[in-house]
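Novice: Got a predicted model here, sequence first, then my questions.
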Amino acid sequence: MNKTFSFVVLCALVMVLLGNTNAATCNPQDLLPCATFLSSGAPPSVACCIKLKAQQPCFCGYAKNPSLGKYINSPNAKKIASACGVAIPKC
């Protein structure tokens, strides 16, 4: 195996590993900063929007969960997501 090929393989491996560090950890409790706004319909805080954006890749999983789906699909959740500039995907 030549040195160039080994270097390319090593770089690809590093890129794959670094790419995985940005993956969202799906934890619905991370959305607690949004709970007040979900029940009141008031505009969300910056903290809520930050958490919402971080959890966006998890929305379909939450929507499929019988305990969480009603919150993700509620009109206030859609208002909060819109105010934060976060799209709720069609799952």
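Specialist: That came through fine. Numbering: from 1, shown residues only.

Novice: Helices of the chain, start to end?
Specialist: 3-20, 35-40, 46-55, 59-64, 69-72, 75-84 (DSSP state H).

Novice: Spatially central residue for the chain, please.
Specialist: residue 55 (2.0 Å; CA atoms, centre = their mean).

Novice: what's near enough to touch it?
Specialist: Counting by CB atoms under 8 Å, 6 or more residues apart in numbering, residue 55 touches 24, 26, 27, 28, 30, 31, 62. In this view, the C-beta of every residue, glycine as well, is placed from N, C-alpha and C.

Novice: Distance-wise, check the residue nearest to residue 43 when sequence neighbours are not counted relative to residue 37.
Specialist: Distances taken as CB to CB, 6 or more residues apart in numbering place residue 83 nearest to residue 43, at 5.6 Å, with adjacent residues excluded. Distance of residue 83 to residue 37, given as CB to CB, to the nearest Å: 9 Å.

Novice: Comparing these two, which shows the higher neighbour count?
Specialist: Using other CB atoms under 10 Å, the more surrounded residue of residue 83 and residue 37 is residue 37, with 21 against 15.

Novice: where does the more buried one land on pLDDT?
Specialist: pLDDT for residue 37: 89.

Novice: With residue 71 instead?
Specialist: 86.

Novice: Same check on the one 4 residues further on?
Specialist: Taken from the predicted model, the pLDDT recorded for residue 75 is 90.

Novice: hmm, back to that, need the per-residue pLDDT for the residue nearest to the centre of the chain.
Specialist: At residue 55, pLDDT is 94.

Novice: try residue 79
Specialist: At residue 79, pLDDT is 92.
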